[in-house]
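A.B. asks: model this:
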Amino acid sequence: MKKLKRREFLQKGALAVAGAAAFASGVTVVAGAESWTAGLKSLNTHQAQTLLAMSRQMFPHPQLDDTYYVKAVQDLDAEAAVKPDTAKLLRNGVGRLDAVKPAKFVTLSPSDQLVVLKQLERSDFFTKVRNSELVSLYNNHDVWKKLGYPGASYPIGGYLHHGFNDLNWLPDPPESASPKPA
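C.D. replies: Coordinates of the predicted model:
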């Protein structure tokens, strides 16, 4: 049997704690953090898992699993690999997330994670992650399908006659908010 080195033991133990915390909070964890974080160029596993948890808290969609949020982390990593300022911003931002409470951000309850994010919401780090997530998540056509968005209506005649009332997850607006076309 292979003996674990202290560093390996601590890394695997930290991942197990983070996974258990994410499981307890109801977050869908991507199988094997090592597998999707292994290809990252700039971020380490902890930073990537922290950014993933942050992204889920910022844009919570219970019908989406982590694979959709991982894309945003991979996009941030790709930028950090070629822009040292972005790498520093992300590294310092994750450090700030972890420093607000006595425990690492990924191990906090969802309500405590929101408290931490509220404290950092005006920071450049928060803005960077939010903007990247907006593009990565909401430009994904598979996410559109999961959320019930049919896509652009321009190619089929515009929203007035196609798609205006297609969202079945919203309540019907009052008649006054939807005047009939002339």
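A.B. asks: Just the element for the residue positioned nearest the centre of the chain, please.
C.D. replies: For the chain, the residue nearest the mean C-alpha position is residue 55 (2.4 Å; C-alpha atoms, centre = their mean). Per DSSP states H and E, residue 55 falls inside helix 45-58.
A.B. asks: pLDDT averaged over that helix, what's the number?
C.D. replies: Across helix 45-58, pLDDT averages out at 95.
A.B. asks: go on, stretch 99-119?
C.D. replies: For stretch 99-119, the per-residue pLDDT averages 94.
A.B. asks: What's the end-to-end length of that stretch?
C.D. replies: Criterion C-alpha to C-alpha, to the nearest Å; first-to-last residue distance in stretch 99-119 is 12 Å.
A.B. asks: returning to that earlier point: could you measure from the residue nearest to the centre of the chain over to residue 65?
C.D. replies: Plainly put, residue 55 is 12 Å away from residue 65 if you go by C-beta to C-beta, to the nearest Å. Backbone N, C-alpha and C define where each C-beta goes, glycine included.
A.B. asks: what residues are up against the closest residue to residue 124 other than its chain neighbours?
C.D. replies: Of all residues not flanking residue 124 in the chain, residue 89 sits nearest, at 6.2 Å (C-beta to C-beta, 6 or more residues apart in numbering). Contact analysis of residue 89 by C-beta atoms under 8 Å, 6 or more residues apart in numbering lists 124, 125, 128.
A.B. asks: For the first one, give its distance to residue 68.
C.D. replies: Using C-beta to C-beta, one obtains 25 Å as the distance from residue 124 to residue 68.
A.B. asks: Next up, the contacts around the closest residue to residue 63 other than its chain neighbours.
C.D. replies: Counting by C-beta to C-beta, 6+ apart, the nearest residue to residue 63 once its immediate chain neighbours are dropped is residue 146, at 5.3 Å. Residues counted as contacts of residue 146 (C-beta under 8 Å, 6+ apart) are 61, 63, 64, 68.
A.B. asks: Derive a ChimeraX selection command for the buried subset of these.
C.D. replies: Selection of the buried residues among those in ChimeraX, burial being defined by 16 or more other C-beta atoms under 10 Å:
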select :64,68
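A.B. asks: As a check, name the ranges of all strands in this protein.
C.D. replies: In the chain, no strands are defined using DSSP state E.
A.B. asks: got any ranges where it has weak pLDDT?
C.D. replies: 1-34, 159-167, 182 (pLDDT under 70).
A.B. asks: rerun that using 80 as the cut-off
C.D. replies: Residue ranges of the chain with pLDDT under 80: 1-34, 150-173, 178-182.
A.B. asks: in it, which spans are helices?
C.D. replies: Using DSSP state H, the helices found in the chain span residues 6-24, 33-37, 45-58, 66-82, 84-100, 110-120, 124-138, 141-147.
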